[in-house]
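Enquirer: With the sequence up front, the predicted model follows.
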Amino acid sequence: MSEKPVILTCAQPSGVLTLGNYLGALRNWATLLDSAECFFGIVDMHSITAKTVPADLRRNTLSCLAQYIACGMDPEKSHLFIQSHVIGHAELAWVLGCQTPIGDLQRMTQFKEKAARLGFSVADSEESGGMRFSHEGARAQASVNSGLLFYPVLMAADILLYNADKVPVGDDQRQHLELTRDLARRFNHNYSDTFTVPEPLIPKEAARIRSLQDPVRKMSKSDEDPLATLFLLDPPERIRKKIMSAVTDSDTEIRYGEDKAGVSNLLQILAATAGGTVEDWVDSLSGKGYAELKKETADAVVALLEPVQKHYAELMADKGYLESVLKAGAEAAQQRAYRTLSKVYRKVGFYARVR
């Protein structure tokens, strides 16, 4: 077993990554490669909790791998793998699920929010079995699959299967990681020490990239406004159009502050992509207008993403190389997964396979 700490992080292959994904996560992950044994998973099994087009899922999975590598996830220094290529994720999820009270899952904030979007009202009432359906929810019942409820258990299995020491998490995943920690402690209590209780890895302060059209909200790949989000693979002319169309305000002063959400967002993006601090750029742009701020920001984003996009295009043109990365990553992941799974099976009492 490696003496380095094990770090695991996973992402769904849900299309093109955003500038926020790169600045807030991937760029930080790349700094961990020399100090830890890193496993980067593409969790395609999680993706099918929502309706997917099979051909799109396959294409997005390979694209996600290429984007990872282009953003600095060096396959020579880390293990990149697809979740469904490794035996153990679903198997461990079943064992953990049998130790998870259903009420714990129904209380998950993300489940409540997703169920609500499909017409459900979720309550913690014992009388309703933990779920109360609105009138619209009763009609939409077939749209909420059990995978959506079970999602956090599979996520826990993703982490505990590798006995990860640390897991990079954003605010939206903290509750799921806490469930993972609870499950690890519960299993260890019931069956003796088996799992490392993972610690959250809080990244260095990263720029909080907001929507270009509604800067009080986080930049999101699912935003319906085509001008709101900067994607990793946007061509330069599209990047410039989006940034030049960004919402600012009716004032003319370039400064950072809560009352200047749009301007502050552009300053954050500029500092994160061009270097320097927000204060440096406020000083540099003193006396200039918003058009100059937007031009500087667009130039910086284009310059940052140009080598990433070039590398991505080269990778996507070499499917053989990408598949060799997946093969090596799956082998390394499987070796570690088998060790954990065999230990779990023995402790819960499964009869050893006859060879």
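Expert: Yep, it's here. Numbers count the residues shown, from 1 in each chain.
Enquirer: can you list the domains in this structure?
Expert: 6-109+146-206+319-348, 236-314 (automatic domain parsing).
Enquirer: And the strands in the stretch 151-300 of the chain?
Expert: For the stretch 151-300 of the chain, strands defined by DSSP state E, counting those that start in this stretch occupy the ranges 166-168, 199-201.
Enquirer: okay, those strands in a markdown table with distance to residue 307 and mean pLDDT next?
Expert: Where C-beta positions appear, they are placed from N, C-alpha and C, glycine not excepted. A markdown table is the format used below for the strands of the stretch 151-300 of the chain (distance: least, CB to CB, whole Å; pLDDT from 0 to 100):
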| stretch | distance to residue 307 | mean pLDDT |
| --- | --- | --- |
| strand 166-168 | 23 | 92 |
| strand 199-201 | 26 | 91 |
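Enquirer: re earlier: okay, the domains of the chain in CSV with distance to residue 224 next?
Expert: Shown next, in CSV, are the domains of the chain (distance: least, CB to CB, whole Å):
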stretch, distance to residue 224
domain 6-109+146-206+319-348, 14
domain 236-314, 14
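Enquirer: got any ranges where the stretch 201-350 of the chain has weak pLDDT?
Expert: Across the stretch 201-350 of the chain, the ranges flagged by pLDDT under 70 are 203-207.
Enquirer: can you rerun that using 80?
Expert: 202-208 (pLDDT under 80).
Enquirer: In terms of secondary structure, what does the longest helix seen in the chain contact?
Expert: Longest helix in the chain by number of residues (criterion: DSSP state H): helix 319-348. Packing partners of helix 319-348 (3 or more CB pairs under 8 Å, 6 or more residues apart in numbering; DSSP states H and E): strand 37-42, helix 54-70, strand 78-82, helix 89-97, helix 174-191, helix 290-316.
Enquirer: Just put the domains of the chain in JSON lines and tack on mean neighbour count and distance to residue 230.
Expert: Formatted as JSON lines, the domains of the chain follow (neighbours: other CB atoms under 10 Å; distance: least, CB to CB, whole Å):
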{"stretch": "domain 6-109+146-206+319-348", "mean neighbour count": "18", "distance to residue 230": "4"}
{"stretch": "domain 236-314", "mean neighbour count": "17", "distance to residue 230": "6"}
